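Participant: Just a sequence and a predicted model for now, questions to come.
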Amino acid sequence: MRKAFSVVIACLLSYGFMAPQEQPRELRGLGHVLGETAEQFFSVGSVGELVRACDKKDWKTVKNLTKTIEQQAKGKGKEFCDKVATIKQGATGGTRQEYGSSGDSETMRADTFTLDGGHLVKIRMIYTKPIADVEGFHPKSFDELFAGLREAYGEPSKSYTEPVISPYGAKLEARRAVWEGKQNVISAIERLGEHGQTEIVAETLDEYKRDSQASKPTNPLQ
């Protein structure tokens, strides 16, 4: 079941839909799957390439690689490498860490990876939906993303809407969908408003339960 829920959304939405049994079971280009060790996470794909460039003090390569890392676009190479080293040290030591990247600029997607207990436990992808079309960019709507997930995993375990109020006072219904597995969970969350977004979250079952508990209101009588 773990393979069935290894994260494929990025390559699925970038390269079109295929039959569920034909789906690759990794994030193409990033190459990360839920449950992999922190050592694996920092040794493969663009993250591994960046870590090796930092180790060699290859600042030119670091600069080129950090162009794809949104929150570090303004930072200096050495300062960024120091930050990555700190995150890696903490993650491999078992502490909870987050590593963020811009993901895919064409589809306006940003990624955040959460590592805890020495393993990758969550992959969070935020797809921005601008108000107007932007030349050279091809953002994904909730409908497109939902269709891709349904094509890969079938009908969601549950789908529902949540009422939200727009900045102008309008009442809107934001859509939610969840695909539950025995070990992993995938969620699609629509964020409405002036700066609309769709959030896709793939996480281990333990992480999903952790998030669910954290979002519950506290009973002051307990």
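Facilitator: Arrived safely, thanks for sending.

Participant: how many other residues sit next to the residue lying closest to Ser157 once chain neighbours are set aside?
Facilitator: Closest residue in space to Ser157, ignoring its immediate chain neighbours: Glu180 at 4.1 Å, by C-beta to C-beta, 6 or more residues apart in numbering. The way it works is simple: take the backbone N, C-alpha and C, and place the C-beta from them, glycine included. If you count neighbours by other C-beta atoms under 10 Å, Glu180 ends up with 15.

Participant: Determine which residue lies closest to the centroid of the protein.
Facilitator: Closest residue to the average C-alpha location of the chain: Arg124 at 2.3 Å, with C-alpha atoms, centre = their mean.

Participant: and it, what helix or strand is that in?
Facilitator: Assigned by DSSP states H and E, Arg124 belongs to strand 119-129.

Participant: I'd like the average pLDDT over the helix ranked longest in the chain.
Facilitator: Using DSSP state H, we find that the single longest helix of the chain is helix 77-92. The average pLDDT for helix 77-92 rounds to 93.

Participant: who touches it?
Facilitator: Residues from elsewhere that reach helix 77-92 (C-beta atoms under 8 Å, 6 or more residues apart in numbering): 38-39, 41-42, 50-51, 54, 59, 62-63, 66, 69, 72, 75, 96-99, 115, 118.

Participant: again, 7 Å this time
Facilitator: 38-39, 42, 50-51, 54, 59, 62-63, 66, 72, 97, 99, 115, 118 (C-beta atoms under 7 Å, 6 or more residues apart in numbering).

Participant: For that helix, output the C-alpha coordinates as PDB.
Facilitator: C-alpha atoms of helix 77-92 as PDB (Å, rounded to 0.1, in the frame of the first residue of the first chain):
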ATOM      1  CA  GLY A  77      25.400  31.100  -1.400                       C
ATOM      2  CA  LYS A  78      27.400  30.400   1.800                       C
ATOM      3  CA  GLU A  79      24.600  31.600   4.100                       C
ATOM      4  CA  PHE A  80      22.100  29.300   2.300                       C
ATOM      5  CA  CYS A  81      24.500  26.300   2.500                       C
ATOM      6  CA  ASP A  82      24.800  26.900   6.200                       C
ATOM      7  CA  LYS A  83      21.100  26.900   6.500                       C
ATOM      8  CA  VAL A  84      20.700  23.600   4.500                       C
ATOM      9  CA  ALA A  85      23.500  22.000   6.600                       C
ATOM     10  CA  THR A  86      21.600  22.900   9.800                       C
ATOM     11  CA  ILE A  87      18.400  21.500   8.500                       C
ATOM     12  CA  LYS A  88      20.100  18.300   7.300                       C
ATOM     13  CA  GLN A  89      21.900  17.900  10.600                       C
ATOM     14  CA  GLY A  90      18.700  18.200  12.500                       C
ATOM     15  CA  ALA A  91      16.700  16.000  10.200                       C
ATOM     16  CA  THR A  92      19.300  13.200  10.200                       C
END
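
Participant: Residue numbering should commence at 41 henceforth.
Facilitator: OK, 41 is where the count begins now, so the last one is helix 117-132.
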